[in-house]
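[1] sequence plus the predicted model coming up.
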Amino acid sequence: NKRKCNFPPSPPKIPIIGNLHQLGKLPHKSLWRLSQLYGPIMSLSLGRIEIIIISSVETARALLKNHDLQSCNRPQTHAIKKFSYNFLDIAFSPCSDYWREIRKICMLEFFSMKRVLSYEPIREQEVGLFIESISQSASCGAVVDLSEKSIALTTGVIFRIAFGKQFEGDGFHELISEVEALLGSYSASEFFPVPFVGEVFDWFSGRETRLERVFNEMNGLFQEVIDEHLCPQRPKPEQDDIIDVLLAISKNQVEPCSVVITHENIKAILFDIFLAGLDTSSITIVWAMAELAKNSKLMKKAQEEIRNYVGNKRKVTEKDVEELPYLKMIVKETLRLHPPAPLLPRETISHFKIEDYNFYPKTMVQVNVWAIGRDPTYWKDPEEFLPERFAESSIDYKGQHFELLPFGAGRRICPGLNMGVKTVEFALANLLYHYDWKLPNGMKEEDLDMEENSGLSLTIYKKLPLKLVPILYHP
Ligand code: HEM
């Protein structure tokens, strides 16, 4: 019936699974190819789920600006419900008074520029440790796995901001990756068109058992840290971390909060911060370094800018980073070509039309940010990594320019934008100031692998770890 009423065009489907077989391992790429045949607004069926895919600047603007309020829910799945403590978080909570209030509190308490700047000592210490560990490899000419080091860095920063303590031991990132994989995939019961068959399939596949195990592990960890914070013997920290702030709000239940904050709410917010904050920043650091390693002229230009500005201070500060326009262009260009979250997930609330196509309530919509960043109408030589393209351009990633949407736009725009960018820029400035970088084993620039992987998660990352040889720079 929908089809008769001007529903967006769709590739041919096969019974039961619909278009599922056309998604492939990298859905953002398959969807981009399909959009070239079926247009910038197309629909797909994944079993019984209908999705509309948006793939152009104009249609993204129409959705995220003109119809933002009508399309600012998130799709809800069984796994999301579980991990978000029944939608008590920010990222998956429906667009309700609760979401507005909890987002407002978090913006004020953790994500505002003032708060982000107050975390500078944490970033300085963690980046200091990151550089120290790379220097150990540099002193013996060893290869460094920058993918591994970057994730350790962002985990360290977020751990200290959220939990107030240093990250110890391993296994935490693996836990978050497991959460991501469960969130990024559908259970059979959600898309299987015949009732109960999907449930039986999920039960036999072990998905439900895995979901329970991973949730219990995450929940146990969060509860343990909350209990540590409640212990009367805990020394007063120099700076309150996110748990301290939320516990204080929950204890007093006064301004700035008009919603009741329980331990469940705190854990739901922690879930968001770890899910949204760890991988996104480390993925960006890795892609930026991979692009520069592939293009030594650009790497040299970036190093000259930093080294000329910093001179022989032997230390880059966050204040220095503000004076490095080329470095900032590198970060923008990296986010254009490699947005860590390539598809923005939304769900419609009420009926509206774009280009005469009907968007019915409760329809899943995804904006293909990856495809938009490569649209040749807006980007000259779109596949080329050219930071200089931003020299004469006012385009930025703050949600006003629909050709560049790595942080999304509208009401749901990433609240961690400032926090993410500060960490990425500061880490990159240090990597480029302290070392010259060589490809290992005589590898040529053109041989560096740039393949993507999504591993069923919500983010895409460089498939093979980035391994480079650091050579210590002496100013
Ligand atoms: C380079 C770093 C980052 C990138 C590229 C990024 C990207 C995104 C994107 C694309 C969205 C969806 C926006 C939309 O639907 O319009 C999002 C949402 C979100 N991000 Fe980020 N993010 C980054 C860093 C962070 C950090 C460091 C945090 C927190 C510590 C964070 C917390 C969140 C939260 C809570 C949401 C959900 C907002 C909502 O639904 O209201 N992000 N992010």
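    That came through fine. Residues are numbered from 1 along each chain as shown.

[2] give me the neighbour count for Leu246.
    27 (other CB atoms under 10 Å). All C-beta atoms are positioned from the backbone trio N, CA, C, and that covers glycine.

[3] excluding sequence neighbours, find me the nearest residue to it.
    In this structure, Leu246 finds its nearest non-sequential neighbour in Ile266, 4.6 Å apart by CB to CB, 6 or more residues apart in numbering.

[4] and the residue of the stretch 101-250 of the chain found nearest the ligand, which of the three is it?
    Taking CB to the nearest ligand atom, the ligand has its nearest neighbour within the stretch 101-250 of the chain at Arg103, 5.4 Å off. Using DSSP: H, G, I helix; E, B strand; the rest coil, the structure places Arg103 in helix.

[5] what's the closest non-adjacent residue to it?
    Ile90 (5.1 Å).

[6] the one you found - how many residues pack around it?
    Using other CB under 10 Å, Ile90 is surrounded by 23 other residues.

[7] could you point out the helix or strand that follows the longest helix that the chain contains?
    The longest helix of the chain (DSSP state H) is helix 263-294. Proceeding N to C from helix 263-294, the next assigned helix or strand is helix 296-310, under DSSP states H and E.

[8] not counting its own residues, what contacts that next one?
    291-293, 316, 320, 323-327, 330, 385, 387, 429, 432-433, 436-437, 445, 473, 475 (CB atoms under 8 Å, 6 or more residues apart in numbering).

[9] just the pLDDT for the residue nearest to Ile17 when sequence neighbours are not counted.
    Once flanking residues are discounted, Ile17 sits nearest to Gly47: 6.0 Å by CB to CB, 6+ apart. Listed pLDDT for Gly47 reads 84.

[10] surely Gly47 touches Ile16?
    Yes: counting by CB atoms under 8 Å, Gly47 touches Ile16, with 6.8 Å between them.

[11] who has more neighbours, the two?
    Gly47 (19 against 14).

[12] Glu212 - how many residues pack around it?
    Neighbour count for Glu212, taken as other CB under 10 Å: 11.

[13] ok, back up a step: now the contacts of helix 296-310: which count as buried?
    Among these, those buried by neighbour count (16 or more other CB atoms under 10 Å) are 291-293, 316, 320, 324, 326-327, 330, 385, 387, 429, 432-433, 437.

[14] the nearest residue to Cys414 once chain neighbours are set aside: neighbour count?
    Of all residues not flanking Cys414 in the chain, Phe407 sits nearest, at 4.0 Å (CB to CB, 6+ apart). Look at Phe407: counted by other CB under 10 Å, it has 25 neighbours.

[15] dihedrals phi and psi, Phe407?
    phi -110, psi 10 (degrees, to the nearest 10).

[16] ok, it - contacts?
    Phe407 neighbours (CB under 8 Å, 6+ apart): 397-399, 413-414, 417, 420.

[17] let's have these in JSON lines, adding distance to Glu355.
    Compiled in JSON lines, those are given as follows (distance: CB to CB, whole Å):
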{"residue": "Tyr397", "distance to Glu355": "26"}
{"residue": "Lys398", "distance to Glu355": "26"}
{"residue": "Gly399", "distance to Glu355": "22"}
{"residue": "Ile413", "distance to Glu355": "24"}
{"residue": "Cys414", "distance to Glu355": "27"}
{"residue": "Leu417", "distance to Glu355": "29"}
{"residue": "Gly420", "distance to Glu355": "33"}
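
[18] can you map out the helices along the stretch 51-200 of the chain?
    57-61, 78-83, 97-106, 113-118, 120-139, 146-163, 172-184, 188-191, 197-205 (DSSP state H, counting those that start in this stretch).

[19] contact partners for the residue in the stretch 51-200 of the chain that the ligand sits nearest to?
    Proximity of the stretch 51-200 of the chain to the ligand (CB to the nearest ligand atom) peaks at Ala91, 3.5 Å away. Ala91 makes contact with 74, 84, 272, 275-276 under the criterion CB under 8 Å, 6+ apart.
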